[in-house]
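A.B. asks: The amino acid sequence is not available; the structure is as follows:
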């Protein structure tokens, strides 16, 4: 019977159960030594190395099965230990002794070996786990500009948390209309890579130099129509008997516009198709005149320019 138990231990390597007799000190020592050796290596994934011992029909398991340095560990004891004593150790050093079957993360960190011992050698159990890496996670993201339009670069700035205090790096993938372009992997999406009506989305993956955390997926945003922008400045000097002002407009979505005067002195006109303002200065009284211009794009989105023109008396 003891021979069969030894074979079972060699096959499982993660659990050792007594069959009539408790494990030898030599076998238990090898199990603890193996767990400590694996924990001494840098963790590259959130995986727990566990070892258990039991005697007298008592078993103990530590949950969660793959713990990290967040939250608490919880021991599940089955059977009736020889006494109710519970001892928690971290890397072989006793940290807690009493009856508490819960052990929280302020006592351990990544790569630590945590062991719980309940009861006695004759009627009791022991379990050991290795604390794995905590995944970084993105908790917020900001973007500029607040309102996106074709032609304007979009930049994102993520903020991440890491329970182990690791530095966090990020990888980016922009999606335009659901398609991932392998070139668009920077925190800034160039404004010339999308147009009005396109759907824009960004995927961000945090990495703590051990593992990737969960991917942050922004909501898909449709690029709206941009308002036209008047880029010209009205002339203030008058060099002839006619006042002329050619309005210039920039718009990433449109090339044709309609123009009108919302406020203007008598006799001033504007070409509704090309935006040329003309005003014959014949019999015009000197003074200040308010001029308000409205420009609309093909979807009727408008922009305005208002200024005051001062006319002095003829010299």
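C.D. replies: Right, received. Where do you want to start? As the structure is a prediction and not an experimental result, all values here were calculated from the model.
A.B. asks: Please give the number of neighbouring residues around the nearest residue to residue 61 once chain neighbours are set aside.
C.D. replies: The spatially closest residue to residue 61, leaving aside those adjacent along the chain, is residue 76, at 4.8 Å (CB to CB, 6 or more residues apart in numbering). (C-beta placed from N, C-alpha, C; glycine too.) As a burial measure, the neighbour count of residue 76 was computed by other CB atoms under 10 Å and equals 11.
A.B. asks: Contacts only, for residue 76.
C.D. replies: Residues in contact with residue 76, defined by CB atoms under 8 Å, 6 or more residues apart in numbering, are 60-63, 101.
A.B. asks: Buried ones among those residues?
C.D. replies: By the neighbour-count criterion of 16 or more other CB atoms under 10 Å, the contacts of residue 76 include these buried positions: 60-62, 101.
A.B. asks: Can you name the two of the residues you listed that sit furthest apart?
C.D. replies: Maximum pairwise distance among the buried ones among the contacts of residue 76 (CB to CB): 10.8 Å, between 61 and 101.
A.B. asks: Residues that sit against both of the two, list them.
C.D. replies: Taking CB under 8 Å, 6+ apart as the contact rule, residue 61 and residue 101 both touch 75-76.
A.B. asks: for the stretch 51-200 of the chain, what spans make up the strands?
C.D. replies: 51-55, 59-63, 72-78, 86-90, 93-98, 102-104, 113-119, 124-130, 137-144, 154-161, 169-176, 179-180, 188-189, 199-207 (DSSP state E, counting those that start in this stretch).
A.B. asks: Please identify which of the ones you listed is closest to residue 312.
C.D. replies: With CB to CB, the closest approach to residue 312 among the strands of the stretch 51-200 of the chain belongs to strand 137-144: 45.4 Å.
A.B. asks: Identify, from the contacts of residue 76, the entry nearest to residue 114.
C.D. replies: The shortest separation between residue 114 and any of these is 7.3 Å, and it belongs to residue 62 (by CB to CB).
A.B. asks: Any idea what the residue nearest the centre of the chain is bridged to?
C.D. replies: If you average the C-alpha coordinates of the chain and look for the closest C-alpha using CA atoms, centre = their mean, you land on residue 138, 3.4 Å from that point. Taking DSSP bridges, one finds residue 160 as the beta-bridge partners of residue 138.
A.B. asks: same question, the one 4 residues further on
C.D. replies: Applying DSSP bridges to residue 142 yields these beta-bridge partners: residue 157.
A.B. asks: give the contact list for it.
C.D. replies: With contacts defined as CB under 8 Å, 6+ apart, the neighbours of residue 142 are 156-157, 159.
A.B. asks: can you pull out the helices in this protein?
C.D. replies: Shown for the chain, the helices assigned by DSSP state H span residues 2-12, 25-39.
A.B. asks: which stretch in these has the least confidence?
C.D. replies: Of all the helices of the chain, the segment with the smallest mean pLDDT is helix 2-12, scoring a mean of 32.
A.B. asks: Excluding covalently adjacent residues, which one is nearest to residue 88?
C.D. replies: With CB to CB, 6+ apart as the criterion, residue 88 has its nearest non-adjacent residue at 4.1 Å, and that residue is residue 96.
A.B. asks: Return the residues in contact with that neighbour.
C.D. replies: Residue 96 makes contact with 86-88, 103, 107, according to CB under 8 Å, 6+ apart.
A.B. asks: Is there a quick ChimeraX command that grabs whichever of these are buried?
C.D. replies: Selecting only the buried entries of the contacts of residue 96 in ChimeraX, with 16+ other CB under 10 Å as the criterion:
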select :86,88,103
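A.B. asks: Would you check which pair of the contacts of residue 96 lies furthest apart?
C.D. replies: When the contacts of residue 96 are compared pair by pair using CB to CB, the two farthest from each other are 86 and 107, 13.7 Å apart.
A.B. asks: Just the mean pLDDT for stretch 109-121, thanks.
C.D. replies: Averaged across stretch 109-121, the pLDDT comes to 95.
A.B. asks: how long is it end to end?
C.D. replies: 28 Å (CA to CA, to the nearest Å).
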